[in-house]
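In: How does the following fold in three dimensions:
(2 chains)
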Amino acid sequence: MNEIIRAEGITKVYRMDEVEVPALRGIDLTVEHGDFFAVVGPSGCGKSTLLHLLGCLDKPSDGRVFFNGQDVSILGDGALTRIRSRHIGLIFQTFNLMPTLNARENVALQLRLAGIKGARAVRMAEEALEKVELSARMKHLPKQLSGGERQRVAIARAIAKKPQLILADEPTGNLDSKQSINIGRLLANLNAEGQTIIMVTHDAEIAANAQRVIKMRDGQIAD
Amino acid sequence: MIDIAWKNMWTRKTRTILTILGIAVALELVIMMTTIVDFTESGMQSELAKYSGAGQIYVRSQTTAGMAGQEFPPITSILSEEEGRQIIDEVAARIDPALTTPLLFHQLAPPPYPNAPPEALLVSLEADKISAYIGEEPVVVDGVVAFSSADAHEVILGPMASLFFGEPAVGDEIQIIGEPLTVVGLVEGQSLQDRLVSNVVIVPLETAQGILGQSETISAVLITSKRLDTVGAMAEEISANHPRVSVLTQEDIAENLDTILGEERFFFNLINYTVYIVAAVVVFIVMVMAVSERTKEIGTMRAIGASRWLVLRTIVIEAIMLGLMGSLLSIPIAYLIDMGIGYGLREIISAWTLVQIVITATLLSALAAAIPALRATRVNPIEALRYE
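Out: Predicted coordinates for the structure are as follows:
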């Protein structure tokens, strides 16, 4: 079996006061090792919600999510946290770096959370930063880096522990077009090396780097 | 996670420094209060030791039932001098006459804090029996411990009383209730904290009775028995023959001092607990603010794999570091303030007191951070993914 993650009929309903708002309406999806999926669609169509469920950040209202064959929809917070820390790399639109830590420390923090400590964590953090071409900026704080550089630190953080799956939520949403193209290429290169990636994006040009584009509308896969 | 906590504090320098200073200033007060209690306690212990084996009894007027002996020295007691001298005559064969004298007390300045002795206490006794009250070996700072006559307008001052009167020198004149008296001696107790000698303004009995307009009244009679084993029987005999008086033996005095000490300890501990609570509230507020400001960071940490326990630990470690640094800083601040006001507490402060204060403050800081830390563990990691 080559699949990493499988969603079976997942739905997600948010309750806002007394009103139930359906965000996902029965999604079936299988992601295999080496896949690079781009999830596109208008705002509010449920793509970020889908990413949260696939990334073990939230649980479906109905249906099941399997990670490496294990039903994660029934796991508790501790088990989901362990899966996220060891097997999933997250990239956010707003980078979400720790402002008090420099680039290397930000990457090393993710490694520490994955159970890799000391000199090994530092070495692996430096390797990840080299991979995103930020060797010269390792000791800079996030505020001393450009938007593109911050996102590359975030990518280094996501890839440093060599996760089975990278989830990127609008990774170029806060970048200009030139930096967006660079980040898109970087993700494509990582995928070429075998990294599995699921990316939510509005940007058709960035989505074009993916092997498969999933279009969503009204909480369902439209295409 | 200590490094992350440290960097969080370092990045928000102003808030960190102000918090540490707030804790330090509050705890400095605890150091001062605790030292004053220790200081008083050790003074009282030395007093108790002095009474132990001294064979002394104080005869004073009866107070409200059940309250007899609650006050020492018996400042509010009033006896007729005639009755006092009659009591002395009745037990004359069993007492040391050189250390037996009628006493007249009068408070010249109120206590500096509740349950403390008055800042200046007029103690008048027979002119040649000064040592009956202040002990046979007082430290004479200057002058003499003697009066030239039974009605001499002379005064001997203890260290606190001397401060109250503006530190006069021997030979200077001071005014007591409008009457000029010449300072003939300055004395100290055998130890710095000697409570009995510290505040005394010793004046011959006749002189004091004249100044106070109480020619035939005294406060108490101080009787020193020749033999320790007859003190109890003598006290019972006086009580039986004079139902309107109350007899304080050395055990009663010890009990009184212990009661006073207990009240004093309660008062200062009340201040200390309040100060500890203030310090804990400071830490609590700062940590609540820190958690609210860092919701996104905490959410990110949770999203990338930090457990709830790790988030809690990071917040609590930060609070512990604030408490530890604040309590350590309080020590030099207490020393500096003490140098400024000249209490000399730094010479008697105990290392164990400081250790206790640092440990208590650090543990309280951890406790104060518990609620904000628990709040932090409930931050939803999805919050970190929301667009700003």
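In: Would you mind listing what in chain A touches chain B?
Out: Within reach of chain B by CB under 8 Å from any CB of the partner chain, chain A has these residues: A:48, A:51-52, A:55, A:57-58, A:77-78, A:81-82, A:84-86, A:90, A:92-94, A:96, A:98-101, A:109-110, A:113-114, A:157, A:169-170, A:173. From N, CA and C alone the C-beta is placed, and that goes for glycine too.
In: isn't B:Lys129 right up against B:Pro102?
Out: No - shown here, B:Lys129 and B:Pro102 do not form a contact pair, counting by CB atoms under 8 Å, at 9.4 Å.
In: Which one of the two is surrounded by more residues?
Out: B:Pro102 (24 against 19; other CB atoms under 10 Å in any protein chain shown).
In: Tell me where the model's unsure across chain A.
Out: A:1, A:223 (pLDDT under 70).
In: now the strands for chain A?
Out: For chain A, strands defined by DSSP state E occupy the ranges A:3-16, A:19-32, A:36-40, A:62-67, A:70-71, A:88-91, A:165-169, A:196-200, A:212-217, A:220-221.
In: possible to save the ones you listed as JSON lines with distance to B:Ile371?
Out: Shown next, in JSON lines, are the strands of chain A (distance: least, CB to CB, whole Å):
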{"stretch": "strand A:3-16", "distance to B:Ile371": "27"}
{"stretch": "strand A:19-32", "distance to B:Ile371": "32"}
{"stretch": "strand A:36-40", "distance to B:Ile371": "39"}
{"stretch": "strand A:62-67", "distance to B:Ile371": "34"}
{"stretch": "strand A:70-71", "distance to B:Ile371": "35"}
{"stretch": "strand A:88-91", "distance to B:Ile371": "29"}
{"stretch": "strand A:165-169", "distance to B:Ile371": "32"}
{"stretch": "strand A:196-200", "distance to B:Ile371": "36"}
{"stretch": "strand A:212-217", "distance to B:Ile371": "41"}
{"stretch": "strand A:220-221", "distance to B:Ile371": "43"}
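In: Any idea which of those gets closest to A:Arg150?
Out: Closest approach to A:Arg150 among the strands of chain A is made by strand A:88-91 (11.0 Å; CB to CB).
In: Which strands and helices lie in contact with the closest one?
Out: In this structure, strand A:88-91 packs against helix A:147-160, strand A:165-169, with contacts taken as 3 or more CB pairs under 8 Å, 6 or more residues apart in numbering or on different chains; DSSP states H and E.
In: Would you mark the buried spots in that strand?
Out: Buried residues in strand A:88-91, defined by neighbour count with 16 or more other CB atoms under 10 Å in any protein chain shown: A:Ile88, A:Gly89, A:Leu90, A:Ile91.
In: hang on, the earlier thing: can you redo the helices and strands packed on strand A:88-91 as JSON lines with mean neighbour count?
Out: Formatted as JSON lines, the helices and strands packed on strand A:88-91 follow (neighbours: other CB atoms under 10 Å in any protein chain shown):
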{"stretch": "helix A:147-160", "mean neighbour count": "25"}
{"stretch": "strand A:165-169", "mean neighbour count": "25"}
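In: nearest to B:Ala373, of these?
Out: B:Ala373 sits nearest to helix A:147-160 of all the helices and strands packed on strand A:88-91, at 24.5 Å, using CB to CB.
In: helices and strands around that closest one, which ones?
Out: Using 3+ CB pairs under 8 Å, 6+ apart: helix A:147-160 touches strand A:88-91, helix A:103-113, helix A:118-131, strand A:165-169, helix A:177-192.
In: Serialize the ones you listed to TSV and add fields for distance to A:Gly9.
Out: Listed next are these as TSV, based on distance: least, CB to CB, whole Å:
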stretch	distance to A:Gly9
strand A:88-91	22
helix A:103-113	32
helix A:118-131	36
strand A:165-169	20
helix A:177-192	28
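In: nearest to A:Arg137, of the ones you listed?
Out: helix A:103-113 (5.7 Å).
In: So for the closest one, could I get the coordinates as PDB, restricted to C-alpha?
Out: Output of helix A:103-113 as PDB, limited to C-alpha atoms (Å, rounded to 0.1, in the frame of the first residue of the first chain):
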ATOM      1  CA  ALA A 103      16.100  31.100  11.600                       C
ATOM      2  CA  ARG A 104      18.100  28.200  12.800                       C
ATOM      3  CA  GLU A 105      16.400  28.100  16.200                       C
ATOM      4  CA  ASN A 106      13.000  28.200  14.600                       C
ATOM      5  CA  VAL A 107      13.900  25.100  12.500                       C
ATOM      6  CA  ALA A 108      15.600  23.400  15.400                       C
ATOM      7  CA  LEU A 109      12.500  23.900  17.500                       C
ATOM      8  CA  GLN A 110      10.400  21.800  15.100                       C
ATOM      9  CA  LEU A 111      13.200  19.100  15.300                       C
ATOM     10  CA  ARG A 112      13.100  19.200  19.100                       C
ATOM     11  CA  LEU A 113       9.300  18.700  19.100                       C
END
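In: which other residues reach it?
Out: The contact list for helix A:103-113 (CB atoms under 8 Å, 6 or more residues apart in numbering or on different chains) reads A:85, A:89, A:97-98, A:101, A:117, A:120-122, A:124-126, A:128-129, A:134, A:137-142, A:145, A:153, A:156-158, A:160-161, B:4, B:301, B:304-306, B:310.
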